[in-house]
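Novice: A predicted structure for the sequence below; I have some questions about it.
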Amino acid sequence: MSISAQDVKTLRERTGAGMMECKKCLTEAEGDMDKAMELLKQKGLAQAEKKAGRTAAEGVVTSYIHGNGKIGVLVEINCETDFVAKNDDFQTFARDIAMHVAASSPDYVRREDIPEERVQQEKDLIKAQSEETIAGKPDNVVEQILEGKLNKNLSAITLLDQPFVKDPDKTVGEITKELVAKLGENIRVRRFERFEVGEGIEVEQEDFAEEVKAQLGE
């Protein structure tokens, strides 16, 4: 079937994909705009997987301050070229990741960053908390239950596995892959630091009742 130049232009504006790729997907979708967008998304994500191994040494360090200076975040996001580092979508992504870190407080960027001792701590904690739940169940069922809970706990502390704060239906990892597909370069969240005023400081709290008693001579 014949695909109009206007349809190609519309699809390109919606997705940011190249003209030829837009025309190809529209043809494959027989002119259905929504189907063509889905095809572009699937192909883009497949291409994103291939780009994941490419070196990304450019990028930005972005900050985010929240709560009148109570929480601050620094993130480093890498890409392949300085051209993409200056792209508005890339810049917005970097700010969004910094905001996400401030809101969701992950401990690690990716699952493989978690030390084995932390994984073991999570396993021990889950096993202790699940004693009543797993009591009397077959070993294979117990293993499935514990593995499922471990995966949930590790996802909760891993940035790329967390639901994205601006779109909870997708993980940060999925949002990253979508940007890779759109910009055509490997994009990698390298590291972050999150600071919160007073975090880690033990504050001595005086017992107000005892203080009143002392003042009254009781």
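Specialist: Structure's in. What do you need? It should be emphasised that the depicted structure is a prediction, and the values quoted were computed from it without experimental measurement.
Novice: mind listing the strands for the chain?
Specialist: Ranges of strands in the chain, per DSSP state E, are 58-66, 71-79, 163-164, 167-171, 188-196.
Novice: the shortest one pairs with which strands?
Specialist: If you go by DSSP bridges, strand 163-164 pairs up with strand 167-171 (antiparallel).
Novice: list the buried residues for the strand it pairs with?
Specialist: T171 (16 or more other Cβ atoms under 10 Å). For the C-beta atoms, the positions are set from N, CA and C on the backbone; glycine is no exception.
Novice: can you check stretch 19-26 too?
Specialist: Using 16+ other Cβ under 10 Å as the burial criterion, the residues of stretch 19-26 that qualify are E21, C22, K23, K24, C25, L26.
Novice: and what of stretch 87-98?
Specialist: Buried residues in stretch 87-98, counted by 16+ other Cβ under 10 Å: N87, F90, F93, A94, D96, I97, A98.
Novice: could you do stretch 67-82 as well?
Specialist: Buried, per 16+ other Cβ under 10 Å, within stretch 67-82: I71, G72, V73, V75, E76, I77, N78, C79, E80.
Novice: can I get the strands of the chain in CSV with mean pLDDT and distance to A181?
Specialist: Supplementary listing: those in CSV, determined by pLDDT from 0 to 100; distance: least, Cβ to Cβ, whole Å:
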stretch, mean pLDDT, distance to A181
strand 58-66, 95, 18
strand 71-79, 96, 13
strand 163-164, 95, 16
strand 167-171, 93, 13
strand 188-196, 95, 14
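Novice: so where's the chain shaky on pLDDT?
Specialist: Low-confidence segments of the chain (pLDDT under 70): 1, 15-18, 43-53, 203-218.
Novice: middle-most residue in it, spatially?
Specialist: V172 (2.3 Å; Cα atoms, centre = their mean).
Novice: that residue contacts S155, doesn't it?
Specialist: No - counting by Cβ atoms under 8 Å, V172 sits too far from S155 to count as a contact (10.6 Å).
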